[in-house]
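Asker: my questions are about this predicted structure, shown below with the sequence.
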Amino acid sequence: MIEIDAQRLADRYMAQWTVPDAAERRASIERLWAKDATHVLHPPAKIREIAAELGFDHTTLEAQGHDAIESRVARSHERFVEKMGLTFRPRADAVRLHGVVRFGWETVSTETGDVVGGGLEILVLDDDGRIKADYMFPGA
């Protein structure tokens with residue numbers, strides 16, 4: 001595997017969620033992610049509760065491949081950045097162990113600068129240093 005600076009990767013990863021231009025966002029995704037990569041989101045409690053009521057014991061939300069990941073990132077940008085005035089930033093705690101990078105992140109109000117949320121990210125990298133699997137835990 002190529003040498004990867006875990007904190008720099010965390011910075012680049014979080015930046016993709018705030019890119020306003022669709023073409024730049026797509027280019028960022030293509031640089032960061034393997035073509036067949038998978039983004040797996042631990043859903044919010046409300047979604048898990050509804051799923052449990054319907055008889056689903058385990059819920060995950062997944063996007064696979066550049067097109068699906070681009071759609072996921074774009075919807076997140078629309079909802080959280082454009083409509084709610086939030087931004088995202090990594091914590092300075094990124095660490096790499098072989099082909100896995102773990103770091104925390106924060107959701108920040110662009111109006112006040114207050115941290116209003118956050119989570120944990122676990123990225124599994126391929127031999128070229130691109131993300132092949134992303135496990136996102138909001139609220140962690």
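Answerer: Structure received.

Asker: pLDDT-wise, which helix or strand of this structure ranks last?
Answerer: When each helix and strand of the chain is scored by mean pLDDT, DSSP states H and E, helix 45-53 comes last, with a mean of 76.

Asker: just after that one, pick out the following helix or strand.
Answerer: strand 61-64 (DSSP states H and E).

Asker: packing partners for whichever helix or strand comes after that next one?
Answerer: Later in the chain than strand 61-64, the nearest helix or strand by DSSP H and E is helix 65-76. The criterion is 3 or more CB pairs under 8 Å, 6 or more residues apart in numbering; DSSP states H and E, and the helices and strands that helix 65-76 contacts are helix 22-32, strand 33-41, strand 61-64. Just so you know, the C-beta spots here come from the backbone N, C-alpha and C atoms, and that holds for glycine as well.

Asker: follow-up on the earlier one: got the contact list for the least confident helix or strand of the chain?
Answerer: Helix 45-53 has contacts (CB atoms under 8 Å, 6 or more residues apart in numbering) with P43, T59, L61, G139.
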